[in-house]
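based on what follows, work out the 3D shape:
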Amino acid sequence: MSSSTSSQVADLRKSYERAELGEDASHADPLKQFDQWLTEAIAAQVPEPNAMTLATVGSDLRPSTRVVLVKGYDARGIVWYTNYESRKGQELAGNPYAALQFHWVELERVVRIEGRVEKVGADESDAYFASRPLDSRIGAWASPQSQVISGRSVLVANAAKYGAQFLLNPPRPPHWGGYRLVPDNWQFWQGRKSRLHDRLRYSLRDGAWIRERLAP
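So this is what the prediction gives:
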């Protein structure tokens, strides 16, 4: 990075003034608060409002992150789908705790979620897989996710192979399916002026959600 670019980055400033998040105006149930904010993000047409950063930690204690798409949420938790043999899948197999983060830049909002991760049931994974476009279903077979490959031609050849094998009805690969993060901690961050941001944390204690304000 050039010194001029580094200086420009250091000088970047933004004043957050779009909204506020007070205890009286927020939901007592964090899932309802999340549903409201996600609904508002979709209505505001922010780019990929369902994109979230997933953080996992491997046996080497090195954290890793990637962006995945939320595909469902309810009182049981937050669901996404992926290759179980990928790096994140291997890390979750060894350490089933993870963190999620949504960042809706245009709304000056962040949601952070932490908890234990479990695989969703086979029937649920089957149903979602069947709803995917054909190319995406073939892609789940074609990509040995996180493995080193010699070039893109490997993916193209694999897609052609499995496309010819399965035609219009590829089954769900045994190495592909859903995960559900069961939250025990939520944080909602709303940007405010002068860096005095609103930050509410919901912690699960004895089966009840405790809402607290954190200093930004």
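
quick check, residue 98 in a helix?
No. Counting by DSSP: H, G, I helix; E, B strand; the rest coil, residue 98 is not found in a helix; it is strand.

please renumber so the chain begins at 15
OK, 15 is where the count begins now, so the last one is residue 112.

that one contacts residue 126, doesn't it?
No. Using Cβ atoms under 8 Å, residue 112 makes no contact with residue 126, being 11.5 Å away. The way it works is simple: take the backbone N, C-alpha and C, and place the C-beta from them, glycine included.

where does pLDDT dip in the protein?
15-18, 20-21, 23-27 (pLDDT under 70).

quick one, strands of it?
Along the chain, the segments classed as strands by DSSP state E run 65-71, 77-83, 86-88, 91-97, 111-118, 123-133, 190-204, 212-219, 222-227.

would you turn those strands into CSV with distance to residue 59 and mean neighbour count?
Below are the strands of the chain laid out as CSV (distance: least, Cβ to Cβ, whole Å; neighbours: other Cβ atoms under 10 Å):
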stretch, distance to residue 59, mean neighbour count
strand 65-71, 14, 18
strand 77-83, 17, 13
strand 86-88, 20, 15
strand 91-97, 22, 20
strand 111-118, 11, 18
strand 123-133, 15, 19
strand 190-204, 19, 20
strand 212-219, 23, 17
strand 222-227, 29, 13
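
tabulate the ones you listed in CSV, adding columns for distance to residue 30.
As requested, the strands of the chain are exported to CSV (distance: least, Cβ to Cβ, whole Å):
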stretch, distance to residue 30
strand 65-71, 20
strand 77-83, 23
strand 86-88, 26
strand 91-97, 25
strand 111-118, 12
strand 123-133, 10
strand 190-204, 8
strand 212-219, 10
strand 222-227, 17
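
residue 29: which of those strands is closest?
Closest of those to residue 29 is strand 190-204, at 13.5 Å (criterion: Cβ to Cβ).

and the closest one, how far out from the chain middle?
Averaging C-alpha positions (Cα atoms, centre = their mean, to the nearest Å) puts strand 190-204 8 Å from its chain's average.

show me the residue sitting in the middle of this protein in space.
Residue closest to the average C-alpha location in the chain (Cα atoms, centre = their mean): residue 66, at 3.1 Å.

quick one: residues contacting that residue.
Residues in contact with residue 66 (Cβ atoms under 8 Å, 6 or more residues apart in numbering) are 81, 82, 83, 84, 92, 94, 114, 115, 116.

what's the closest of the strands of the chain to residue 169?
Taking those one by one with Cβ to Cβ, strand 91-97 is closest: 13.2 Å.

and the contacts of that closest one?
Applying Cβ under 8 Å, 6+ apart, the contact partners of strand 91-97 are 66, 68, 82-87, 102-103, 114, 127, 129, 134, 138-139, 142-143, 154, 157, 159-160, 187, 189-197.

for the residue lying closest to residue 173 once chain neighbours are set aside, give its distance to residue 177.
Spatially, and ignoring its direct neighbours in sequence, residue 173 is nearest to residue 156 (4.2 Å; Cβ to Cβ, 6 or more residues apart in numbering). Look at residue 156 and residue 177: by Cβ to Cβ, to the nearest Å, they are 8 Å apart.
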